[in-house]
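[1] Predicted model, plus sequence, below.
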Amino acid sequence: MQLELLISQFQNKNESAFEKLYQMYSDSMHGVIFNIVRDHHIAEEVMQDVFIKAWHKSDSYDSSKGRFFTWLLNIARNAAIDKTRSKAFKDSKKNLKAEFFVDILETKDNLDKRTDAIGIAKYVKALGEKCKKIIEFLYFKGYTQKETSEELDIPIGTIKTRNRNCIKDLRAMVVN
Amino acid sequence: MDTKAYIESGILELFVAGQLSEQENKAVQEVLLEHPEVLQEVLEIESAVIKLSAAMSPSDNAHLLQLIKEKLRHDGRDVKVVSIDKPRYNWFTYTGWAAALIVGAGLLWTLNQNKQLEVQISDADIEKAYLETQIEQAKTDLAVKENLLNVLRDRNIISVPLGGQGNFADSYAKVYWNKADNSIYLDGQGLPDAPEGKVWQVWSLTLNPLTPTSLGTIDNFNSDDNKIFEIVNNNESQAFGITLEPEGGSETPTMEQLYTLGVVASTP
């Protein structure tokens, strides 16, 4: 498995493996972070922190416990959320709670440069409201199933299948 | 295993989201290893989420990679760790052992040093006790001498020099007579040690007629340091004499052995 090899090289502090993983995941992490902090400059700051932390803590990734993407996603979410809790951030920002990833896709200024993003934005609009939120909470905000069910006011037992269906829809849109 | 039902359960989506417990994660991971079609499903879920989130990325971030690499290099130790990891480990090992040896040797040296110091302390204690004794002795000696000096300076004291007689012209002695308390102090510095079997005997004399009265023998003459002896004398002495007599003393002085004789100058 190429990814596994890459990851183990990365864990041995191989710089070029690190670069390849950065290329694979940096856009995704950047999106997740920006979605939380909603500030270009701060998002770039957090990006650096996240990948530096990933480098230093590469030993803590254990492939028997989950996907590398998920491990990285966790670091990014936590770093971004920590940032929003800092006093400086709170002082300078309004309440971000009402904002969703869909807003970014709908209002993005630089969409013209990124055609794949344009395509996705077009389709994501077609996702149901509940789907947008469930994906937002579970993937991009790191809410637990319980928190998500409370936030959306749907039974916790249905989260799993709801999410499954939402991701199915998403896949249909992005995997062409 | 019904992989289809497993896939449809939605557990894989939660797995990718990082919403499962550690145990559940392990269980999923095991299924992935056994069933490629389940792994394929995970890859597709992951890919969809990555594409969606990447579409949310606000800007190109290639320049950030450069910044990150610079920061990692700045941290130094972590970049290129691959090549220097091993020697660093060895270096630490050797240094560790060397440090342990040094500490061990230092400990032994300290223990030895401690033992030596303890011996020195006990030596010093003995020395101190000895010196204290000496000081005590000196103080006592001083007190005795001061006392003596005070006695000799007393205004009631009459000083009587005793000159050498006949064959013993080299001898001399002095008597300090305190009439007030009927005592004399005999300074026998100018007399030789009494030979074996003999003692010095002190006599009080009246001259007209010549009558000697024994004031006693000085049995401890040879061993005395300052050769000054206090002797009781309640006679109206007009002269003092010292003779060498057989041990125990004599009734009357042996005139051939009269060493020194002195006359009291005047009786006021």
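    That came through fine. Numbering: from 1, shown residues only, chains lettered A, B, ... in the order given.

[2] Domains in chain A, by residue range?
    Per automatic domain parsing, the domain ranges recorded for chain A read A:2-92, A:101-174.

[3] just so I have it, where are all the strands in chain B?
    Using DSSP state E, the strands found in chain B span residues B:157-164, B:173-178, B:183-187, B:198-206, B:211-218, B:228-232, B:239-246, B:258-263.

[4] follow-up on the earlier one: ok, of the domains of chain A, where does mean pLDDT dip lowest?
    Across those, domain A:101-174 has the smallest mean pLDDT, namely a mean of 81.

[5] May I have the distance across that domain, first residue to last?
    16 Å (Cα to Cα, to the nearest Å).

[6] Run the chain-centre distance for it.
    Relative to the chain's own centre, domain A:101-174 is displaced by 11 Å; criterion: Cα atoms, centre = their mean, to the nearest Å.

[7] same question, stretch A:53-72
    Taking Cα atoms, centre = their mean, one finds stretch A:53-72 lying 15 Å from the centre of the chain it belongs to.

[8] Likewise for stretch A:83-90?
    19 Å.

[9] buried ones in it?
    A:83, A:84 (16 or more other Cβ atoms under 10 Å in any protein chain shown). C-beta coordinates here come from the backbone N, C-alpha and C atoms, glycine included.

[10] Do you know the pLDDT at residue B:80?
    46.

[11] With the one 3 residues further on instead?
    In this model, residue B:83 is scored at 45, pLDDT.

[12] Could you report the neighbour count for the spatially closest residue to residue B:154 that is not a sequence neighbour?
    Closest residue to residue B:154 apart from its sequence neighbours, by Cβ to Cβ, 6 or more residues apart in numbering or on different chains: residue B:178 at 6.2 Å. For residue B:178, the count of nearby residues is 18 (other Cβ atoms under 10 Å in any protein chain shown).

[13] repeat for the one 5 residues further on
    The number of residues packed around residue B:183, counting by other Cβ under 10 Å, is 15.

[14] Run through the residues that contact it.
    Contact analysis of residue B:183 by Cβ atoms under 8 Å, 6 or more residues apart in numbering or on different chains lists B:177, B:230, B:231, B:232, B:233.

[15] please redo it, this time with the cut-off set to 7 Å
    Under the criterion of Cβ atoms under 7 Å, 6 or more residues apart in numbering or on different chains, the neighbours of residue B:183 are B:230, B:231, B:232, B:233.

[16] Check residue A:52 too.
    Counting by Cβ under 7 Å, 6+ apart, residue A:52 touches B:68, B:71, B:72.

[17] For residue A:68, see how far away the second one is.
    When Cβ to Cβ, to the nearest Å is the yardstick, residue B:71 and residue A:68 sit 22 Å from each other.

[18] Settle it for me: which of the two has more neighbours?
    In this view residue B:71 and residue A:68 are compared by other Cβ under 10 Å, and residue A:68 has more residues nearby, 19 against 15.
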